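S.K.: The amino acid sequence is not available; the structure is as follows:
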């Protein structure tokens, strides 16, 4: 806001009256044309930077069983506009997910391009399974190697939905807000560390915090809490207060935070926001996933987490995961013409029995030799009953297994 | 982004034994590529392949099929095929249910695998 006022003020300082010499009109016309072109170029650069920035941010966040994710990116309204803020969510081994939020110093296309480098590097290091503090050390080295120098802040949070923990490390980034299941909000403790590229030999500390089911983690860039007319502390105080009544649904929570924190609907600096909430496993597991082999692992992890919450031991859970996985593989392999299709997995407890259903919406075809036949045999060996319902609208595979010593509810 | 779920590492612990160690999950999304990766690393001159599944966290029927196919290929070339899986693991149970013992020597450690190569 202050910036707009300043521009108007400067406009008012222009000398009044026409130019003194007769050729002035033409010169002024040419100058105005030059200004118009320059303004167009600025606009083209701005929209190019924004397109680049947006293309690099995931529109669809990954499916992580037990974790609901939502994110937003807003370009700034002030001179800063596109400034290289970004977020990312990287699915890791064992059902963990790496949440990333960062802020590259600089503006426009150059900042967006540097952000792209950093985003790829974080993904690569995270997929190597490195711990957050080590990833930040490597990232610091990476930033030192980049041709266009400059610093960046970065916060890395590895959430483990099974262990209900989050492991954090920060390179000069504002701390994330944690909202516990009772709705209390607090900022994660731990040193902020050196921004990436600021020091040759930085060391980064790591904090492990409990993240019980029902907790939410709010990652943000300073654009959301910092404004020309208020300090960072004031903004962080307001954010913490808003955390006390944060909506459960992350997407709604993002909307509310941006609404309240950017009251004029505009961010001065650009803004990235990422919210993750750890969900309580439901009494009935209901999953609908694309009919693609890459869905096998998300069903497996979703079922594993649900079985664990039901008190099913590891060995039994493993066997049920295999049985369910075989039914899913069958749905994927046989039930569909090529194209976009989905299948459904439902797991429910009935007394001392566990019932798992895998339903597709295509015609059942008997498995033809190979692993298909072996898969069906495995289901039969790992469950107490197997029933295949071949309907016109689709096929449902029902598997039932008696569970002894399952936790009573 | 596609998660490849598993890592495979190769080592030649002895001149006559190539060890392929798989960590992570084997399922329908990566089994075929994993089979190709292993098959490519075993020359026809090799005496034996030891497939070490100690660090394998999950295997389904496509993973079992991978082992059967490797077994067919190796047996056609008179190469010895040993599979290492610790006792009591879920992976072991699935392999036993699918009777992997009919096409491979099932052992509990790499050392036992090497002894099996010596004995064969």
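M.R.: That came through fine. Values in this document were obtained by computation on a predicted structure and should not be read as measured data.

S.K.: Which residues does the helix or strand encompassing residue A:304 contact?
M.R.: According to DSSP states H and E, residue A:304 maps onto helix A:295-309. For helix A:295-309, contacts defined as C-beta atoms under 8 Å, 6 or more residues apart in numbering or on different chains pick out A:63-66, A:95, A:161-162, A:280-282, A:285, A:287, A:289, A:316-317, A:320-321, A:324-325, A:328-329, A:332, A:343, A:345, A:347, A:354, A:356, B:3, B:5, B:25, B:27-29, B:58, B:60. Bear in mind the C-beta positions are built from the backbone N, C-alpha and C, glycine included.

S.K.: Next one, pLDDT for the spatially most central residue of chain B please.
M.R.: By C-alpha atoms, centre = their mean, chain B has its centre lying nearest to residue B:51, at 2.8 Å. Residue B:51 carries a pLDDT value of 97.

S.K.: tell me the secondary structure for the closest residue to it other than its chain neighbours?
M.R.: In space, residue B:51 comes closest to residue B:83 once its chain neighbours are excluded; the distance is 4.9 Å by C-beta to C-beta, 6 or more residues apart in numbering or on different chains. In terms of secondary structure, residue B:83 is strand; the call rests on DSSP: H, G, I helix; E, B strand; the rest coil.

S.K.: Report the contact partners of residue B:83.
M.R.: Taking C-beta under 8 Å, 6+ apart as the test, what residue B:83 contacts is B:50, B:51, B:53, B:67, B:95, B:100, B:104, B:105, B:106, B:107.

S.K.: tally of neighbours for the residue in the stretch 101-250 of chain A that chain B sits nearest to?
M.R.: Nearest residue of the stretch 101-250 of chain A to chain B: residue A:123, at 7.4 Å (C-beta to the nearest C-beta). Using other C-beta atoms under 10 Å in any protein chain shown, residue A:123 has 15 neighbouring residues.

S.K.: Roughly how far does it sit from residue A:313?
M.R.: Per C-beta to C-beta, to the nearest Å, residue A:123 is found 35 Å from residue A:313.

S.K.: beta partners for the residue nearest to residue B:51?
M.R.: Beta-bridge partners of residue B:83, counted by DSSP bridges, are residue B:51, residue B:106.

S.K.: go on, residue A:101?
M.R.: residue A:87, residue A:155.

S.K.: Spit out the contact partners of it.
M.R.: A:85-88, A:154-155, A:173, A:176, A:219-221, A:272, A:274.

S.K.: Where strands are concerned, which of the contacts of helix A:295-309 count?
M.R.: Counted as lying in strands by DSSP state E, out of the contacts of helix A:295-309, are A:285, A:287, A:289, A:343, A:345, A:347, A:354, A:356, B:25, B:58.

S.K.: Which helix in the chain has the most residues?
M.R.: Unless you meant another one, I'm taking chain A. Identified as the longest helix of chain A according to DSSP state H is helix A:24-56.

S.K.: switch to chain B, that's the one I care about
M.R.: Chain B, longest helix under DSSP H: helix B:61-76.

S.K.: now the angle between helix A:295-309 and that one, please.
M.R.: 120 degrees (axes from the mean of the first three to the mean of the last three C-alpha atoms, to 10 degrees).

S.K.: tell me the mean pLDDT over helix B:61-76?
M.R.: Helix B:61-76 comes out at a mean pLDDT of 95.

S.K.: that older thread, make a ChimeraX selection of the buried ones in the contacts of helix A:295-309.
M.R.: Only the buried entries of the contacts of helix A:295-309 go into this ChimeraX selection, using 16 or more other C-beta atoms under 10 Å in any protein chain shown:
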select /A:63,64,65,66,95,161,281,285,287,289,316,317,320,321,324,325,328,329,332,343,345,347,354,356 /B:3,5,25,27,28,29,58,60
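
S.K.: how about the contacts of residue A:101 in a markdown table, adding pLDDT and distance to residue A:254?
M.R.: Shown next, in a markdown table, are the contacts of residue A:101 (pLDDT from 0 to 100; distance: C-beta to C-beta, whole Å):
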| residue | pLDDT | distance to residue A:254 |
| --- | --- | --- |
| A:85 | 90 | 14 |
| A:86 | 92 | 15 |
| A:87 | 94 | 11 |
| A:88 | 95 | 15 |
| A:154 | 97 | 20 |
| A:155 | 97 | 17 |
| A:173 | 96 | 18 |
| A:176 | 96 | 14 |
| A:219 | 97 | 11 |
| A:220 | 96 | 10 |
| A:221 | 93 | 13 |
| A:272 | 93 | 11 |
| A:274 | 97 | 8 |
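
S.K.: among the residues you listed, who's most crowded?
M.R.: residue A:85 (31 neighbours).

S.K.: Can you name the residues that contact that one?
M.R.: A:73, A:101, A:102, A:103, A:104, A:115, A:221, A:223, A:269, A:270, A:271, A:272.

S.K.: picking up where we left off before, in a markdown table: the ones in strands among the contacts of helix A:295-309, plus distance to residue A:196 and pLDDT.
M.R.: Converted to a markdown table, the ones in strands among the contacts of helix A:295-309 look like this (distance: C-beta to C-beta, whole Å; pLDDT from 0 to 100):
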| residue | distance to residue A:196 | pLDDT |
| --- | --- | --- |
| A:285 | 41 | 92 |
| A:287 | 38 | 91 |
| A:289 | 36 | 90 |
| A:343 | 43 | 91 |
| A:345 | 41 | 96 |
| A:347 | 43 | 96 |
| A:354 | 48 | 94 |
| A:356 | 46 | 97 |
| B:25 | 33 | 95 |
| B:58 | 36 | 96 |
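
S.K.: Quick check: the two most widely separated of those?
M.R.: Spanning the widest gap among those are A:354 and B:25, at 21.8 Å by C-beta to C-beta.

S.K.: Enumerate the residues of chain A near chain B.
M.R.: Contact residues, chain A versus chain B (C-beta under 8 Å from any C-beta of the partner chain): A:62, A:90-91, A:93-94, A:123, A:293-294, A:296-297, A:300, A:314-315, A:318-319, A:321-322, A:325-326, A:329, A:332-333, A:370-372, A:374-375, A:377-378, A:381-382.

S.K.: and these, which are buried?
M.R.: By 16+ other C-beta under 10 Å, the residues of chain A next to chain B give A:90-91, A:93, A:293-294, A:296-297, A:300, A:318-319, A:321-322, A:325-326, A:329, A:332-333, A:371-372, A:374-375, A:378, A:382 as buried.

S.K.: Nice, that's everything, thank you.
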